[in-house]
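In: Here is my input, please return the structure:
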Amino acid sequence: MAEVPLPTPTDNQVPSTDIRDAVYAGAMLDKVVTSTELKYTDRLGGEHYTVDGMKAEGDKVVEETRQNLIPLSRQYMTLAAAQADIANIPEGSTTYYRSPDDSALAIEVINNAGTLQPTGRKMPSNQAVELLRGLIDNLGVNPFSVVFKNGLSPLGYKNGRLYADEFEKVYSSNFGIEFGGSIIDNNPPDGWIFIIYYRNGLVLCGQKTDGTIVGFGDGSSGGGSIEPGDTAADYDSIRNYAGTATVRDVVGQHIAGRFVVNPDDTTSGEIPGGILVDVLGRRWYRQA
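Out: Predicted coordinates for the structure are as follows:
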């Protein structure tokens with residue numbers, strides 16, 4: 001019997017009763033069931049899977065599931081046992097084997113061209129978790145610390161306080177070091193060689209350029225104080241200052257603080273509230 005040519009379908013709305021559309025639909029149904037092609041196109045241009053296409057898509061889902069589930073569902077006591085079961089571990093997939101020591105619970109490996117190789121990732125053991133929890137518990141409330149392998153903890157935060165033990169030397173920038181209101185000033189005001197003082201200006205200890213020792217110790221003159229050049233109502237009072245004082249107290253509301261000239265700095269720009277530049281180009285650093 002001669003084969004009837006496949007008619008050109010219409011673009012009638014679905015469902016169409018046109019004989020051309022009926023013949024075309026019958027041919028496409030035959031293609032869905034019989035063809036080895038994975039997709040076909042309907043009369044309106046829509047693309048759909050054939051039976052073989054649906055099988056192929058199903059195979060993809062099964063393979064993806066196999067790669068994700070099969071390696072995880074198997075437990076291997078040793079790397080050798082996992083390697084012996086390589087046929088059930090798809091290439092590129094990962095699995096685990098029990099760690100031979102207490103460093104971890106399990107070790108992850110990946111199938112690389114038929115050979116299991118470590119990925120570098122490990123599943124922590126309960127022993128490691130308990131050890132870490134014990135270290136944290138021993139640190140107290142709000143734990144933070146730097147701990148070396150030998151157990152030495154030179155710096156940390158414990159029970160609401162910052163501690164620093166075992167330091168042979170402490171280095172700082174030209175700004176000095178502040179401890180809860182006490183200041184070790186690396187750029188002391190004029191007339192001082194070295195000074196440690198409180199925010200209110202009371203000197204804890206120090207030495208003046210004339211040799212006078214000030215502080216609370218043998219041979220000292222007792223507690224002293226830093227004498228500011230004068231007080232300033234605002235930052236502009238310092239910016240416009242051309243006097244000889246090198247320490248000034250700003251007393252304005254919300255901006256109060258002590259500013260000291262830093263003779264080593266001749267280039268920094270202003271940081272409002274932090275560094276002020278006066279008409280002589282001096283940089284005034286906030287100290288408190």
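In: If we go by neighbour counts, what in the regular element (helix or strand) spanning Gly26 is buried?
Out: According to DSSP states H and E, Gly26 maps onto helix 19-34. Neighbour-count burial for helix 19-34, with 16 or more other CB atoms under 10 Å as criterion, is recorded at Asp21, Tyr24, Ala25, Met28, Lys31, Val32. Where you see a C-beta, it was placed from the backbone N, CA and C, and this is true even at glycine.
In: for that helix, packing partners?
Out: strand 39-41 (3 or more CB pairs under 8 Å, 6 or more residues apart in numbering; DSSP states H and E).
In: What is the strand it packs on packed up against?
Out: Strand 39-41 packs on helix 19-34, strand 47-49, going by 3+ CB pairs under 8 Å, 6+ apart.
In: got the contact list for that strand?
Out: Contacting residues not belonging to strand 39-41 are listed as Met28, Lys31, Val32, Glu47, His48, Tyr49, Thr50, Gly53 [CB atoms under 8 Å, 6 or more residues apart in numbering].
In: The second one - nearest residue in space that isn't next to it in sequence?
Out: Spatially, and ignoring its direct neighbours in sequence, Lys31 is nearest to Tyr40 (4.9 Å; CB to CB, 6 or more residues apart in numbering).
In: same question, the first one
Out: The shortest distance from Met28 to any residue that is not its chain neighbour, by CB to CB, 6+ apart, is 5.7 Å, and that residue is Tyr40.
In: Quick check: bridge partners of that neighbour?
Out: His48 (DSSP bridges).
In: TSV for the helices and strands packed on strand 39-41, including distance to Val4 and mean pLDDT?
Out: Formatted as TSV, those follow (distance: least, CB to CB, whole Å; pLDDT from 0 to 100):
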stretch	distance to Val4	mean pLDDT
helix 19-34	7	85
strand 47-49	23	90
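In: Ok, which of the ones you listed comes nearest Gln287?
Out: strand 47-49 (75.7 Å; CB to CB).
In: Tell me the helices and strands packed up against the closest one.
Out: Short answer (3+ CB pairs under 8 Å, 6+ apart): strand 47-49 packs on strand 39-41.
In: which of the residues in the strand it packs on are buried?
Out: For strand 39-41, burial by neighbour count (16+ other CB under 10 Å) applies to Tyr40.
In: what about it, average pLDDT?
Out: The average pLDDT within strand 39-41 is 87.
In: gap between the residue nearest to Lys31 and His48?
Out: For Tyr40, the distance to His48 equals 6 Å [CB to CB, to the nearest Å].
In: Can you pull the residues that touch both of the two?
Out: Val32.
In: before we move on, the earlier item: using JSON lines, lay out the helices and strands packed on strand 39-41 together with distance to Asp249.
Out: Formatted as JSON lines, the helices and strands packed on strand 39-41 follow (distance: least, CB to CB, whole Å):
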{"stretch": "helix 19-34", "distance to Asp249": "91"}
{"stretch": "strand 47-49", "distance to Asp249": "81"}
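In: Out of these, which gets nearest to Gln207?
Out: Per CB to CB, nearest to Gln207 of the helices and strands packed on strand 39-41: strand 47-49, 90.3 Å.
In: Where does pLDDT dip in this protein?
Out: Along the chain, the model assigns pLDDT under 70 to residues 1-2, 66-73, 135-176, 178-186, 197-204, 214-233, 251-256, 288.
In: Now with 50, please.
Out: Along the chain, the model assigns pLDDT under 50 to residues 141-142, 217-229.
In: how does it divide into domains?
Out: Listed by automatic domain parsing, the domain ranges of the chain are 9-68, 74-138, 144-169, 177-225, 231-286.
In: can you list the ones you listed in JSON lines and add distance to Glu3?
Out: JSON lines is the format used below for the domains of the chain (distance: least, CB to CB, whole Å):
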{"stretch": "domain 9-68", "distance to Glu3": "11"}
{"stretch": "domain 74-138", "distance to Glu3": "46"}
{"stretch": "domain 144-169", "distance to Glu3": "84"}
{"stretch": "domain 177-225", "distance to Glu3": "97"}
{"stretch": "domain 231-286", "distance to Glu3": "89"}
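In: outside of the lengthiest strand in the chain, which residues touch it?
Out: Taking DSSP state E as the criterion, the chain has its longest strand at strand 115-123. With contact meaning CB under 8 Å, 6+ apart, strand 115-123 is reached by 79, 82-83, 86, 89, 94-96, 99, 103-110.
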